[in-house]
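A.B. asks: When you get a sec, could you give me coordinates for this:
(chains A and B)
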Amino acid sequence: MSDDMKVVEDLTQSEYKWGFTSNVEADEAPKGLNEDIIRFISAKKNEPEWMLEWRLKAYKYWLTMEEPHWAKSKYPPIDYQATKYYSAPKKMPKLNSLQEADPELIKTFEKLGIPLEEQKHLAGVAVDTVFDSVSVSTTFKETLAEKGIIFCPISEAIEKHPDLFKKYLGSVVPPTDNYFAALNSAVFTDGSFAYIPKGVRCPMELSTYFRINAQNTGQFERTLLIADEGSYVSYLEGCTAPMRDENQLHAAVVELVILDNAEIKYSTVQNWFPGDKDGKGGIYNFVTKRAACRGRNSKVSWTQVETGSAITWKYPSCILQGDNSVGEFYSVAVTNNFQQADTGTKMIHLGKNTRSTIISKGISAGKSDNSYRGLVKVNKNADGARNFSQCDSMLMGDKCGAHTFPYIEIDNDTAIVEHEATTSKVGEDQIFYLNQRGISTEDAVNMIVNGFCKEVFNKLPMEFAVEAQKLLAVSLEGSVG
Amino acid sequence: MITIKNLHANVAGNGILRGIDLEVKKGEVHAIMGPNGSGKSTLANVLAGHEAYEVTGGEVLLEGKDLLDMAPEDRAREGVFLAFQYPVEIPGISNATFLKTALNEIRKCRGEEEISAKEFLQLVRKEMDKLGMDEKMLSRSVNAGFSGGEKKRNEILQLAVLNPKLALLDETDSGLDIDALKIVSEGVNNFKNKDNAVILVTHYQRLLNYIVPDFVHVLYKGRIIKSGGKELALELEEKGYDWLIKEDEAVGV
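C.D. replies: Model prediction:
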């Protein structure tokens, strides 16, 4: 091994800092998946009959499907009967009071830097906190309600806003969409719901923080955001999990609906436990995220920083249905050790003069594999559609892989589609140059990598961008070459 | 300032430096000349600590400290600066961020406080002005999309701002037109004083019209085969290297 490689190896050996476990007494479903389990979940949540029917229908459909394996990731068959599909803390906070909550639960979120009490929060961010299968607190609900904004756990939306919820549930990602979406539709437990009324600009960032804690438990949350005409909202999502030897399943569904002249900005920092240095453990992250730009001049912007998970299978997509609608996808995906990421987007141009931008930055270190997979589709009626895609990959060391799979389907002659792709190695020469100016190798690598990701970080809300940079440094600690 | 004794170095197993002896005192300017492949750039890179070069023998002392024992960043912090022949591009990192980070690392090592943003800007603007550089270069990514001349000026800007003890200039004159050459040379002349030293590696005598050396050394096959004053450079310009090489080979036999 050359000295450079040694440096790379040293730099990528970092510890996952969010890997602690909490002893929160839990109310759990037994392992396994069958109709009774789905009835159990539905009953736990006091759901109306129609919701249970919806779940069971999804479950029956799921049984007829096969687990997809077209992604580049390799993993042993998943035993869906070995997972628990419901786990909730026994002592939950009640009615905006934390007094009855398990102190261990409060401590957990404090350790993660996500205090559950409203007054301790950064002004300007409302947070829904999801612990295993349930939402444990949502801050600033009243402040938001004054503007007519609904921001609440999904289970509460089913109960209190059934018409709105029913109208949009599954309208962007139907239960039959794909294997993991069907599974999620059958067993989803919680997640966030937001509705921004006509003409309202949401005065604060909405945010959901997901934490998996219980062992052998999967997390299956749904998020549904609706931006009514002329509204705007910026939404943030973060997540962590304990370090465990076994793989845990996370299969989420996110649906965004954007009406005329409305805009949603959706940012994710995905930091699930990636597994240890030898590839043991880690979260299987199989997520379906899709935005429907239904209205004219509507806009959606996905920004994601993916550093965690053993396997990531995720393609936040945009259906550009309204004329002049705009879809954007900005992504940084970092893989280290034995992580495998297969991520990208789909831009489906249906309306006239629809525009999309894809900026994807993949960074691979250790023995990891990082793939960009993206589809740009222009329908025959989508006159004047435009797309620009840029996919850059950076390699650290010589044992990792970077792959780009762009799919382009054009059925309209007026479309203009551009695709650029580059692959580079973190250059020894760049590192030496910075070393020669007094900058240590670790700092040099951070500078180079941050520079590489700058276009994407610039799209993140300020505090999140700082967080993302730090996270990147930790993810790649000990990994340069 | 720096004492080089019997320095040997390999690249990919080939001996490139084969016994260099050189003493550079404070306030001196030394020019290293020689034909292509004689080891000039290797010498500069070995002193800066490039990992591609393996030191196989000898010793180098920087003000009495063992230079070869230090990591490249520590050499830089101790005051060794290499102006690169081909400065690399680092996309996404602004020149200002890069330069400020470097300066603070070096100040930390000197036991000084971090420079304030205001002081830093004042310092950089002053030096950029001297080098005829547009202030916009500060917000551009390090060397990205710079012309050859801009890259070299940017190296001299770093030299001026970081103010090292020993400046190694590796073919700083290559790729410069005459106007740029004058500006860059002026930058080096402004830098040098009685407390620091300059080693400049060059192919051509041309640069030495502007930066006048106290000593000129001719490197051939990894050894210094001739040393002299500034007039040696003129002689080389006139006669080439062949006469020296023949002389050396005759002695060798």
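A.B. asks: I'd like to know how far residue B:166 sits from residue A:270.
C.D. replies: Going from residue B:166 to residue A:270 by C-beta to C-beta, to the nearest Å gives 47 Å. (C-beta placed from N, C-alpha, C; glycine too.)
A.B. asks: So for these two, which residue has more residues nearby?
C.D. replies: residue A:270 (25 against 22; other C-beta atoms under 10 Å in any protein chain shown).
A.B. asks: The more buried one is in contact with residue A:309, isn't it?
C.D. replies: Yes: counting by C-beta atoms under 8 Å, residue A:270 touches residue A:309, with 6.7 Å between them.
A.B. asks: anything in contact with each of these two?
C.D. replies: residue A:285 (C-beta atoms under 8 Å, 6 or more residues apart in numbering or on different chains).
A.B. asks: so residue 18, which of the three states?
C.D. replies: No chain specified, so I'll use chain A. Classification of residue A:18 by DSSP: H, G, I helix; E, B strand; the rest coil places it in coil.
A.B. asks: Chain B, not that one
C.D. replies: strand.
A.B. asks: correct me, but it touches residue B:224?
C.D. replies: No: under the criterion of C-beta under 8 Å, residue B:18 makes no contact with residue B:224, lying 10.4 Å away.
A.B. asks: and the closest residue to chain A within the stretch 1-150 of chain B, how many residues sit next to it?
C.D. replies: Chain A sits closest to residue B:92 of the stretch 1-150 of chain B, with a gap of 2.7 Å, by C-beta to the nearest C-beta. Residue B:92 has 20 neighbours, counted by other C-beta under 10 Å.
A.B. asks: can I assume residue B:47 sits in a helix?
C.D. replies: Yes: membership of residue B:47 in a helix is supported by three-state DSSP.
A.B. asks: how close does it sit to residue B:53?
C.D. replies: From residue B:47 to residue B:53 the distance is 10 Å (C-beta to C-beta).
A.B. asks: out of these two, which sits in the more crowded spot?
C.D. replies: Using other C-beta under 10 Å, the more surrounded residue of residue B:47 and residue B:53 is residue B:47, with 25 against 20.
A.B. asks: Helix, strand, or coil at the closest residue to the residue of the stretch 1-150 of chain B closest to chain A other than its chain neighbours?
C.D. replies: Excluding the flanking residues, the one nearest residue B:92 by C-beta to C-beta, 6 or more residues apart in numbering or on different chains is residue A:451, at 2.7 Å. Residue A:451 falls in the helix class when you classify it by three-state DSSP.
A.B. asks: Give the residue spans of the chain that score low on pLDDT.
C.D. replies: You didn't say which chain, so I picked chain A. Applying pLDDT under 70 to chain A flags the ranges A:1-15, A:91-101, A:112-125, A:136, A:463, A:477-481.
A.B. asks: that's the wrong chain, I meant chain B
C.D. replies: Along chain B, the parts satisfying pLDDT under 70 run over B:252-253.
A.B. asks: Find the centremost residue of it, please.
C.D. replies: residue B:168 (1.8 Å; C-alpha atoms, centre = their mean).
A.B. asks: Just to check, that one is in contact with residue B:85?
C.D. replies: No: applying C-beta under 8 Å, one finds residue B:168 not in contact with residue B:85, separated by 10.6 Å.
A.B. asks: before we move on, back to that, thought the residue nearest to residue B:92 was touching residue B:95?
C.D. replies: No: using C-beta under 8 Å, residue A:451 is not in contact with residue B:95, being 11.6 Å away.
A.B. asks: Touching both of the two, which residues are there?
C.D. replies: Counting by C-beta under 8 Å, 6+ apart, the residues touching both residue A:451 and residue B:95 are residue B:141.
A.B. asks: Show me the helices in the stretch 1-150 of chain A, by range?
C.D. replies: Using DSSP state H, counting those that start in this stretch, the helices of the stretch 1-150 of chain A run over A:3-11, A:35-44, A:49-63, A:103-111, A:141-145.
A.B. asks: Next to chain A, which bits of chain B? Give me the list.
C.D. replies: Contact residues, chain B versus chain A (C-beta under 8 Å from any C-beta of the partner chain): B:48-52, B:71-73, B:75-77, B:81-82, B:84, B:87-88, B:90-93, B:97-98, B:101-102, B:105-106, B:109, B:141, B:158, B:162.
A.B. asks: picking that back up, of all the helices of the stretch 1-150 of chain A, which lies closest to chain B?
C.D. replies: helix A:3-11 (5.3 Å).
A.B. asks: I'd say residue A:178 and residue A:70 touch.
C.D. replies: No: the criterion here is C-beta under 8 Å, and residue A:178 misses it with residue A:70 at 10.8 Å.
A.B. asks: The residue of the stretch 1-150 of chain B closest to chain A against residue A:469, yeah?
C.D. replies: No: counting by C-beta under 8 Å, residue B:92 sits too far from residue A:469 to count as a contact (11.7 Å).
A.B. asks: Need the overlap of contacts for the two.
C.D. replies: Any residue near both residue B:92 and residue A:469 by C-beta under 8 Å, 6+ apart counts here, and that gives residue A:450.
A.B. asks: got the contact list for residue 135?
C.D. replies: Answering for chain A, as no chain was given. Contacts of residue A:135 by C-beta under 8 Å, 6+ apart are A:128, A:129, A:153, A:154, A:155, A:156, A:190, A:191, A:192.
A.B. asks: right idea, wrong chain: chain B
C.D. replies: Residues near residue B:135 by C-beta under 8 Å, 6+ apart: B:125, B:128.
A.B. asks: Which positions in chain A make contact with chain B?
C.D. replies: Residues of chain A lying near chain B (C-beta under 8 Å from any C-beta): A:3-4, A:427-430, A:432-441, A:443, A:447-448, A:450-455.
A.B. asks: 6 Å - rerun?
C.D. replies: A:3, A:429-430, A:432-433, A:435-440, A:447, A:451-452, A:454 (C-beta under 6 Å from any C-beta of the partner chain).
A.B. asks: Just the buried ones among the residues you listed, please.
C.D. replies: A:429-430, A:432-433, A:435-440, A:447, A:451-452, A:454 (16 or more other C-beta atoms under 10 Å in any protein chain shown).
A.B. asks: What is the nearest of those residues to chain B?
C.D. replies: When those are ranked by distance to chain B (C-beta to the nearest C-beta), residue A:451 comes first, at 2.7 Å.
A.B. asks: That closest one reaches residue B:91, doesn't it?
C.D. replies: Yes: under the criterion of C-beta atoms under 6 Å, residue A:451 makes contact with residue B:91 at 5.5 Å.
A.B. asks: show me where the stretch 1-150 of chain B has strands.
C.D. replies: Here the stretch 1-150 of chain B has its strands, by DSSP state E, counting those that start in this stretch, at B:2-11, B:14-24, B:29-33, B:53-62, B:65-66, B:80-83, B:90-94, B:141-142.
A.B. asks: what's the distance between the residue of the stretch 1-150 of chain B closest to chain A and residue A:467?
C.D. replies: 18 Å.
A.B. asks: for residue B:245, same thing?
C.D. replies: For residue B:245, the distance to residue A:467 - C-beta to C-beta - is 61 Å.
A.B. asks: Report the contact partners of residue A:344.
C.D. replies: By C-beta atoms under 6 Å, 6 or more residues apart in numbering or on different chains, residue A:344 lies in contact with A:315, A:372, A:373, A:374.
A.B. asks: Which strand or helix spans it?
C.D. replies: Secondary structure from DSSP states H and E places residue A:344 in strand A:340-349.
A.B. asks: neighbours of the closest residue to residue A:325 other than its chain neighbours, just the number please.
C.D. replies: Once flanking residues are discounted, residue A:325 sits nearest to residue A:293: 3.7 Å by C-beta to C-beta, 6+ apart. By other C-beta under 10 Å, the residues close to residue A:293 number 33.
A.B. asks: And for residue A:256?
C.D. replies: By other C-beta under 10 Å, neighbour count at residue A:256 equals 28.
A.B. asks: same deal with the one 3 residues further on?
C.D. replies: Applying other C-beta under 10 Å, we find 20 residues neighbouring residue A:259.
A.B. asks: In contact with the closest residue to it other than its chain neighbours: list those residues for me.
C.D. replies: Spatial nearest neighbour of residue A:259, chain neighbours left out: residue A:295 (4.0 Å); criterion: C-beta to C-beta, 6+ apart. By C-beta under 6 Å, 6+ apart, the contact list for residue A:295 reads A:259, A:260, A:322.
A.B. asks: Nothing else from me, thank you.
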